[in-house]
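Colleague: give the three-dimensional model of this entry:
(2 chains)
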2 protein chains.
Amino acid sequence: MSQLGMLIIVSAPSGTGKNAVIKELIKKDTNIFYSVSATTRDPRNKEENGVNYFFVSRDEFEKMIINKQLIEWDEFVNNYYGTPKKFIEDMTKKGKDVILEITVEGAVNVKEMWPEAVMIYLLPPSMDELKKRITNRNTECVDSINERMKSAGSELHYVNDYEYVVVNDNLAYAVDQVLEIVHAERLKTIRNKNIVNKLIRRKK
Amino acid sequence: MSQLGMLIIVSAPSGTGKNAVIKELIKKDTNIFYSVSATTRDPRNKEENGVNYFFVSRDEFEKMIINKQLIEWDEFVNNYYGTPKKFIEDMTKKGKDVILEITVEGAVNVKEMWPEAVMIYLLPPSMDELKKRITNRNTECVDSINERMKSAGSELHYVNDYEYVVVNDNLAYAVDQVLEIVHAERLKTIRNKNIVNKLIRRKK
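Modeller: I've put the predicted structure just below:
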């Protein structure tokens, strides 16, 4: 395939089931790959450099920021995390699609740097269902649940920055819908200039 | 479904197999309907008013032109043919998708009147294959075949006005690709404001 790959951005309020959707998606379409982040934190267990993360020093990471080699980055608990531009460029040049799971604020910045990115927003079937899912995790106290619900409510206002919405009511169905979006996006005229040009030149 | 339906425009150089693709598409997705044209020609055989065509007088048709009730129209062999805006409005309001098979020049005009229309261009796998298909029809003389090939060549330059391209190499595969486009378009955020607004209002 001489076609360029795509950057696919997926966001969702926490508790929507984004990770499960992406995991299934990658199983079903072998042309889609996770984006590999750069981080300054130490590798854990069997984590491999270039597979789970690109492990870099603080100095290296800060150079990447200055040289605009990251399409987005953030700092948590004294460690940097970011998305290297080069990884996405290399993959998409090979015709591979890269999926980036990211917050709404990050997504808007990425879209500015990568305007041809496909932006998909996963939605819970209802706010009550979202609350149920977060509560059922049994990992959070009431305050934290309320905090998440509040933040989900305000994140929803970003949905208009996304081209597509998929409701994650049934996992398999949501995965199929995301797949249909990816497949349709591969048929966009702007991504198939080569086919059109070949025909216009009357070559086979 | 409270979602608005879509207007789907399909164009292709003659010989690409557009009719076969649309016929299969409508069989596979029962929410998609042919657009019903208005015409001043007489009904043939079992043709029904409102089903095959809206049969109108020349006076009525000319009134429709003047009142901008047609999203495109043309005249062939002393008869008018056009696409009534009202039919598409009524269908899409009911959530039905309407498919409009139309020339490249017509499509560009329709898109101006109906900017949210989804435009799909069907392509032959190669110009040689297109010539073979036209020749195999056995209905046309050499001059006419050459004329069609010339016109196909110049029509291809309109492809950039279309959002999607689908190569009709294998019929079933081309139909599936058009279906994926239609399904993905149904997931566009602009077509799902109701879902998003419901969630934001925290209603179930």
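Colleague: what sits against residue A:94?
Modeller: For residue A:94, the contacting residues are residue A:5, by C-beta atoms under 8 Å, 6 or more residues apart in numbering or on different chains. No exception for glycine: its C-beta is placed from N, CA and C like everyone else's.
Colleague: could you check how far the residue lying closest to residue A:133 once chain neighbours are set aside is from residue A:156?
Modeller: Once flanking residues are discounted, residue A:133 sits nearest to residue A:15: 4.6 Å by C-beta to C-beta, 6 or more residues apart in numbering or on different chains. Plainly put, residue A:15 is 13 Å away from residue A:156 if you go by C-beta to C-beta, to the nearest Å.
Colleague: now the common contact residues for those two.
Modeller: Common neighbours of residue A:15 and residue A:156 (C-beta under 8 Å, 6+ apart) do not exist.
Colleague: neighbours of the nearest residue in space to residue A:96 that is not next to it in sequence, how many?
Modeller: Of all residues not flanking residue A:96 in the chain, residue A:5 sits nearest, at 4.5 Å (C-beta to C-beta, 6+ apart). For residue A:5, the neighbour count with other C-beta atoms under 10 Å in any protein chain shown is 22.
Colleague: what's residue A:38 in contact with, if anything?
Modeller: A:53-56, A:61, A:64, A:70, A:73, A:80-84.
Colleague: so which of the residues you listed comes closest to residue A:182?
Modeller: Closest to residue A:182 out of the contacts of residue A:38 is residue A:83 (19.0 Å), distances taken as C-beta to C-beta.
Colleague: per-residue confidence for that closest one?
Modeller: As predicted, residue A:83 sits at a pLDDT of 93.
Colleague: again with residue A:203
Modeller: Per-residue confidence (pLDDT) for residue A:203: 45.
Colleague: ok, residue A:180 next?
Modeller: At residue A:180, pLDDT is 97.
Colleague: what's the neighbour count on it?
Modeller: As a burial measure, residue A:180 scores 21 neighbours (other C-beta under 10 Å).
Colleague: same thing with the one 3 residues further on?
Modeller: A total of 17 residues lie near residue A:183 under the criterion other C-beta under 10 Å.
Colleague: next one: residue A:188
Modeller: With other C-beta under 10 Å as criterion, residue A:188 counts 16.
Colleague: bridging residues for it?
Modeller: Bridge pairing for residue A:188 (DSSP bridges) gives the partners residue B:164.
Colleague: chain B contacts on chain A?
Modeller: A:121, A:123-124, A:126-128, A:153, A:156-157, A:159-160, A:162-167, A:177, A:180-181, A:183-185, A:187-189, A:192, A:195-196, A:198-200, A:202-204 (C-beta under 8 Å from any C-beta of the partner chain).
Colleague: let's see 7 Å
Modeller: Those residues of chain A that sit near chain B, judged by C-beta under 7 Å from any C-beta of the partner chain, are A:123, A:126-128, A:156, A:159-160, A:162-167, A:177, A:180-181, A:183-184, A:187-189, A:192, A:195-196, A:199-200, A:202, A:204.
Colleague: where does chain A get nearest to chain B, residue-wise?
Modeller: residue A:184 (3.5 Å; C-beta to the nearest C-beta).
Colleague: and the helices in chain A, which stretches?
Modeller: A:18-28, A:58-66, A:85-93, A:104-113, A:127-136, A:142-155, A:171-186, A:193-200 (DSSP state H).
Colleague: elements contacting the last one?
Modeller: Packed against helix A:193-200, as judged by 3 or more C-beta pairs under 7 Å, 6 or more residues apart in numbering or on different chains; DSSP states H and E, are the following elements: strand B:164-167.
Colleague: need the residues that contact the strand it packs on.
Modeller: With contact meaning C-beta atoms under 7 Å, 6 or more residues apart in numbering or on different chains, strand B:164-167 is reached by A:187-189, A:192, A:195-196, B:120-123, B:125, B:159, B:174, B:177-178, B:181.
Colleague: how about a cut-off of 6 Å?
Modeller: With C-beta atoms under 6 Å, 6 or more residues apart in numbering or on different chains as the test, strand B:164-167 has contacts from A:187, A:189, A:192, B:120, B:121, B:122, B:123, B:125, B:174, B:177, B:178, B:181.
Colleague: and these, which two are furthest apart?
Modeller: Using C-beta to C-beta, these span at most 18.4 Å, a distance reached by B:125 and B:181.
Colleague: what about those two, which has more around it?
Modeller: Shown here are residue B:125 and residue B:181; by other C-beta under 10 Å, residue B:181 has more neighbours (23 against 17).
Colleague: centre-most residue in chain A?
Modeller: Chain A has residue A:100 as the residue nearest its centroid, 2.1 Å off, counting by C-alpha atoms, centre = their mean.
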